[in-house]
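*Asks:* Make a model of this:
(chains A and B)
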There are 2 protein chains.
Amino acid sequence: MGTPFQLLKTDTATQARRGRLQTRHGVVETPIFMPVGTQGTVKSITPAHLHEIGAQIILGNTYHLNLRPGSELIRDLGGLHRFMGWDGPILTDSGGFQVFSLAKLRDIRDDGVAFQSHLDGAKLFLGPREVMRIQQNLGSDIAMVLDECPPWPCERDACARAVARSQRWALQCKQIATESGFLAAGHHVFAIAQGSTFDDLRREAAEALSALDFPGYAVGGVSVGEPEPEMLKQVAATTPFLPANKPRYTMGLGTPPQMLKMIALGVDMFDCVLPTRVARNGLAFTPDGPMNLRNEKYRTDPRPIVEGLANYTSGFSRAYLRHVTLAGEIISCTLLTLHNLHFYLDLMAQARAHLESGDYGSWHRSWIERYEAGAAARVAG
Amino acid sequence: MGTPFQLLKTDTATQARRGRLQTRHGVVETPIFMPVGTQGTVKSITPAHLHEIGAQIILGNTYHLNLRPGSELIRDLGGLHRFMGWDGPILTDSGGFQVFSLAKLRDIRDDGVAFQSHLDGAKLFLGPREVMRIQQNLGSDIAMVLDECPPWPCERDACARAVARSQRWALQCKQIATESGFLAAGHHVFAIAQGSTFDDLRREAAEALSALDFPGYAVGGVSVGEPEPEMLKQVAATTPFLPANKPRYTMGLGTPPQMLKMIALGVDMFDCVLPTRVARNGLAFTPDGPMNLRNEKYRTDPRPIVEGLANYTSGFSRAYLRHVTLAGEIISCTLLTLHNLHFYLDLMAQARAHLESGDYGSWHRSWIERYEAGAAARVAG
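*Replies:* The predicted structure is shown next:
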């Protein structure tokens, strides 16, 4: 199983990387942000909108899609791409994280997780065989292995057990994907390195999974409630022990500064509901921090959210966006989601450009400085 | 004040007409349906979507926009077209109907209507001067006069008083629009003929307003709770007494068969929240009646809502639309609104084509027959 990932350039001042990942549905230029399409739609916008703002790859949620409408139905209708009308690459998670965070009465066993659906209480089970079958039904370009994500904080013994179990499941997932022909058909399977706050367990997990030669790796167990310095420390404790020639992905992250810091630690891929979720509450990202469009001061403001970020939303004034947000109109969700995702995608494009020109280190520090100063001024003002 | 309306053809078998209305923001081919953009947005879709499905003209609501964000603000930001990003024609109502149906503690006087905002209870007043000033602030291509819409059913005396008052207000609105230069600048003002269920009052209202030579006329006081035969009777009692060379508009109508029947009675323009409102509840219009996409029978249905109606929504299966509707996803509102409005606009395009080819009478009867048979079968099945 060869790697479809090209490492184009590694930064000298940081561990940041410029890469290119080939998938069954096209090429992904890294570093990259992946908009989240939990239930077969990136909330509030259409696939055409995603193309307009240059989305390269999106994420789908195995847990949600398997409960409703069911992965067999999606398979019978031609797979997730066709079902939701998105012809670019799709990464799907294994569903394990949602079982731990959403489902009722879960029971973690060595062969998988038994749980009750949060929708109707139905008794269900997800093991390595199930998560790989579901992701095969969906036709994922990048499938994630089943893992056990320890909570934060976590006792060392419990974490060690989760790491060991995750490693066994990763091996089983890879065997299943090999036997079924999933990998040979050009689908990728990414492993997930856990280890919570224990540097030695993180290293152990990363090295053991690296030996299994997966097409890509995720740093798991971050963004589960820990403070940001702790999060960065955990990523920094993992990436050095992952193979340099494979893409690296931190799941469920993050704010714009967090992503830039993670890139500097050698991470290539991100996904997060933040830009889509806050859009539905009237919040827009800017280079000077988040802007709350409900604020009275935008009542007569004729400017677009961000001058110079050209997209469909930039044709509308802050005054209009404030009005439709306060009026509870769906177009507010649509326009702010478009803007926020474009902002995230454009930030990744800027990161790639600065990696190519060789000044990523200084650029990302000054970008974060401006963003945090602006955010602080907004809070103060 | 000349007429910007060209009557291109009058049907021989019915009173249906094919016409063309010139506005400051372009030509409107009639018969036409106008999507409703109450609060500065046609709910769930963008102006780009409206262009995609061939919308020619949309409607804005004076009452809502004047309460929030305020017509002066919209004027200062360049008018409603620029504010909401729609460069085609806009018709605005006078706000009177919403005062009667939404506002609290209204007091109808000879000089206008005092009322309390349904949003915050603020005490407000709308008279002929106010409604014309607001619509001038919005930059309406077609402004409506203030009228008093009698309820259904209504006593004859009360109706006669409403007709007389509406006539005085219409005259005042026209005088104001003349003095302010609104009409000379190419904006249109349409009068509204009331009269409830009293044929002689309807005729009196229509004739008196016709003598005032407005650029267009509405049949008011229909679709206020009366049964459909009564509604058609009232329209039939009005249109013969309106000038043939002016466009005619029934406000707040209707279902697809109702519009086709109204066209046969000589009506040219329609607006209605029905296609946008029911879309947000999972209902899609088809030539065989409305389709409830929540229905179990569409669970695995790979077909588009209507075969042969090509638009963005037709790229998605009924199974997908059912899934996102049940999951409560915004994309369901967006895709079904797009479909329903396109269905309405396409129906008007078909009506225009059949008026041109001379078989409107037989075509509209068979169209309605199929629609009603399909709707009945769906209810039975």
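
*Asks:* rest of the way, CA atoms for contacts and neighbours
*Replies:* OK.

*Asks:* Near chain B, which residues of the stretch 201-350 of chain A are found?
*Replies:* A:300, A:302, A:315-317, A:320, A:323-324, A:327, A:329-331 (C-alpha under 8 Å from any C-alpha of the partner chain).

*Asks:* tell me which residues in stretch A:374-381 are buried?
*Replies:* Buried positions in stretch A:374-381, judged by neighbour count with 16 or more other C-alpha atoms under 10 Å in any protein chain shown: A:374-375.

*Asks:* Show residues contacting that stretch.
*Replies:* Stretch A:374-381 is contacted from outside by A:287-291, using C-alpha atoms under 8 Å, 6 or more residues apart in numbering or on different chains.

*Asks:* If any of the residues you listed are buried, put those into a ChimeraX selection.
*Replies:* To isolate in ChimeraX the members of the contacts of stretch A:374-381 that are buried, counting by 16+ other C-alpha under 10 Å, one can use:
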select /A:287,288,289,290,291
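
*Asks:* ok, so of the contacts of stretch A:374-381, who is nearest chain B?
*Replies:* Checking the contacts of stretch A:374-381 against chain B with C-alpha to the nearest C-alpha, the nearest one is A:Met291 at 19.5 Å.

*Asks:* can you tell me the helix or strand for A:Cys173?
*Replies:* Per DSSP states H and E: A:Cys173 is located in helix A:156-179.

*Asks:* quick revisit: kindly reformat the contacts of stretch A:374-381 as TSV containing pLDDT.
*Replies:* Output for the contacts of stretch A:374-381, formatted as TSV (pLDDT from 0 to 100):
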residue	pLDDT
A:Pro287	98
A:Asp288	97
A:Gly289	97
A:Pro290	97
A:Met291	98
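
*Asks:* Can you list which of the contacts of stretch A:374-381 are found in strands?
*Replies:* A:Met291 (DSSP state E).

*Asks:* tell me the contacts of whatever residue of the stretch 201-350 of chain A ends up closest to chain B?
*Replies:* Across the stretch 201-350 of chain A, the shortest distance to chain B (C-alpha to the nearest C-alpha) belongs to A:Ile330, at 5.1 Å. Contact analysis of A:Ile330 by C-alpha under 8 Å, 6+ apart lists A:44, A:324, B:43-45, B:330.

*Asks:* rerun at 6 Å
*Replies:* B:Ser44 (C-alpha atoms under 6 Å, 6 or more residues apart in numbering or on different chains).

*Asks:* related to what we said a few turns ago, now the helix holding A:Cys173: buried residues?
*Replies:* Using 16+ other C-alpha under 10 Å as the test for burial, helix A:156-179 gives A:159-160, A:162-174, A:176-177.

*Asks:* Dump the C-alpha coordinates for stretch A:71-91 into PDB.
*Replies:* The C-alpha trace of stretch A:71-91 is given here as PDB (Å, rounded to 0.1, in the frame of the first residue of the first chain):
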ATOM      1  CA  SER A  71     -25.500   3.600   5.000                       C
ATOM      2  CA  GLU A  72     -27.100   0.800   3.000                       C
ATOM      3  CA  LEU A  73     -29.600   3.300   1.600                       C
ATOM      4  CA  ILE A  74     -26.800   5.700   0.700                       C
ATOM      5  CA  ARG A  75     -24.900   2.800  -1.000                       C
ATOM      6  CA  ASP A  76     -27.900   1.800  -3.000                       C
ATOM      7  CA  LEU A  77     -28.400   5.400  -4.200                       C
ATOM      8  CA  GLY A  78     -24.800   5.500  -5.500                       C
ATOM      9  CA  GLY A  79     -22.800   6.500  -2.400                       C
ATOM     10  CA  LEU A  80     -22.500   9.600  -0.400                       C
ATOM     11  CA  HIS A  81     -21.000  11.800  -3.100                       C
ATOM     12  CA  ARG A  82     -23.900  11.200  -5.400                       C
ATOM     13  CA  PHE A  83     -26.500  11.300  -2.600                       C
ATOM     14  CA  MET A  84     -25.500  14.700  -1.400                       C
ATOM     15  CA  GLY A  85     -24.400  16.100  -4.700                       C
ATOM     16  CA  TRP A  86     -20.700  16.700  -3.900                       C
ATOM     17  CA  ASP A  87     -18.200  15.400  -6.400                       C
ATOM     18  CA  GLY A  88     -15.000  16.300  -4.500                       C
ATOM     19  CA  PRO A  89     -13.200  14.200  -1.900                       C
ATOM     20  CA  ILE A  90     -15.000  13.200   1.300                       C
ATOM     21  CA  LEU A  91     -13.400  12.100   4.600                       C
END
